[in-house]
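In: mind folding the following:
(one chain, ligands or ions: 1)
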Amino acid sequence: MSVTELGRPAFLANIDVQLEIYAAAMEANPDEVPSRRAIMERHSGNPGLRSLAAIEDGTGRIVGFAYGFRGVPGQWWHDVVWSGIVATAGQASAEAWLASALEIAEVHVHPEFQQRGIGRQMILMLTANRTESTAVLSTRDAKTPARHLYRQLGFADLLTRFQFPGGGPPYAVMGAPLPLSGAAGKPA
Ligand SMILES: CC(C)(COP(=O)(O)OP(=O)(O)OC[C@H]1O[C@@H](n2cnc3c(N)ncnc32)[C@H](O)[C@@H]1OP(=O)(O)O)[C@@H](O)C(=O)NCCC(=O)NCCS
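Out: Numbering: from 1, shown residues only. Have a look, this model is predicted:
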């Protein structure tokens, strides 16, 4: 298995396979896929995009993907989370976490390839040598492998039981100073 960086054209050219992995990993309803595609296409234009694909040796099959970008005002997630942190922890906290933040938008590994260290390796590669001071993300607020992995890498809860506009399950917003404190724990 190797993890490789995709430039913006390759990110866009491989959206279908990334969406297949997303749907399999999240057990997503097929109805969700078109809106997720639109979000990914929009994200591809964001500043500081870094997109990674985990590729199976021999077959060349993409079995995992992750991407992030610099969060800036005007982006939906950034603005919603900014308001959420201001409401619960104040303006200074929102500035500390979000003024210079890498937003990790997606991290997914196909179920057949999970628990082999791919997710961990992709998060380490996404966050390595960034100019931002923090990394932030949201994930379902439940006892999931993702929550476990993020905590292990040094992410702390910034918001819990957080409800994004438009409904859906409660989310946790997590953040970590960069470089990640958990990065030294295990080899990538
Ligand atoms: C979260 C996810 C990306 C992790 O990818 P992965 O390649 O399986 O993770 P790794 O093999 O690097 O494992 C990292 C840690 O998580 C743990 N872990 C992974 N899958 C697990 C599972 N099913 N149950 C319990 N722990 C699990 C590993 O044991 C490891 O912890 P350890 O070092 O203490 O052993 C993957 O589980 C996934 O795609 N999940 C569904 C989609 C999702 O939730 N994405 C995140 C959305 S924000």
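In: residues in the chain within reach of the ligand, list them.
Out: Along the chain, the residues adjacent to the ligand under the rule CB under 6 Å from any ligand atom are 25-26, 107-109, 114-120, 139, 144-146, 148-149, 152. All C-beta spots, glycine's among them, are computed from the backbone N, C-alpha and C.
In: in a helix, that's where E103 is, yeah?
Out: No - E103 is assigned strand when assessed by DSSP: H, G, I helix; E, B strand; the rest coil, not a helix.
In: give me the pLDDT value at the residue of the chain found nearest the ligand.
Out: Residue nearest to the ligand within the chain: G119 (2.3 Å; CB to the nearest ligand atom). pLDDT for G119: 98.
In: isn't it up against V109?
Out: Yes - at 5.1 Å, G119 and V109 qualify as touching, with contact defined as CB atoms under 8 Å.
In: any common contacting residues for these two?
Out: G64 (CB atoms under 8 Å, 6 or more residues apart in numbering).
In: please identify the helix or strand for the residue of the chain closest to the ligand.
Out: helix 118-127 (DSSP states H and E).
In: hang on, the earlier thing: in strands, which of the residues of the chain next to the ligand fall?
Out: 107-109, 139 (DSSP state E).
In: let me have the residues you listed in CSV, adding distance to T127 as columns.
Out: Compiled in CSV, these are given as follows (distance: CB to CB, whole Å):
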residue, distance to T127
V107, 11
H108, 17
V109, 17
T139, 15
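In: is there a quick PyMOL command that grabs whichever of these are buried?
Out: Here is the PyMOL command that picks out the buried ones among those, judged by 16 or more other CB atoms under 10 Å:
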select buried, resi 107+108+109+139
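In: and the ones in strands among the residues of the chain next to the ligand as CSV, adding pLDDT?
Out: As requested, those are exported to CSV (pLDDT from 0 to 100):
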residue, pLDDT
V107, 98
H108, 98
V109, 98
T139, 98
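In: how about the ones in strands among the residues of the chain next to the ligand, which pair is most distant?
Out: Between any two of these, the greatest separation by CB to CB is 13.9 Å, found for V109 and T139.
In: confidence score at the closest residue to A183 other than its chain neighbours?
Out: Ranked by CB to CB, 6 or more residues apart in numbering and with sequence neighbours excluded, the top spatial neighbour of A183 is L124, at 5.7 Å. L124 carries a pLDDT value of 98.
In: any idea how far S44 is from L124?
Out: L124 sits 22 Å away from S44, going by CB to CB, to the nearest Å.
In: now W76
Out: 15 Å.
In: Q115 now?
Out: 29 Å.
In: got it, and A172?
Out: 26 Å.
In: what ranges do the helices span in the protein?
Out: Taking DSSP state H as the test, the helices found in the chain are 8-13, 15-26, 33-43, 76-89, 91-98, 118-127, 145-152.
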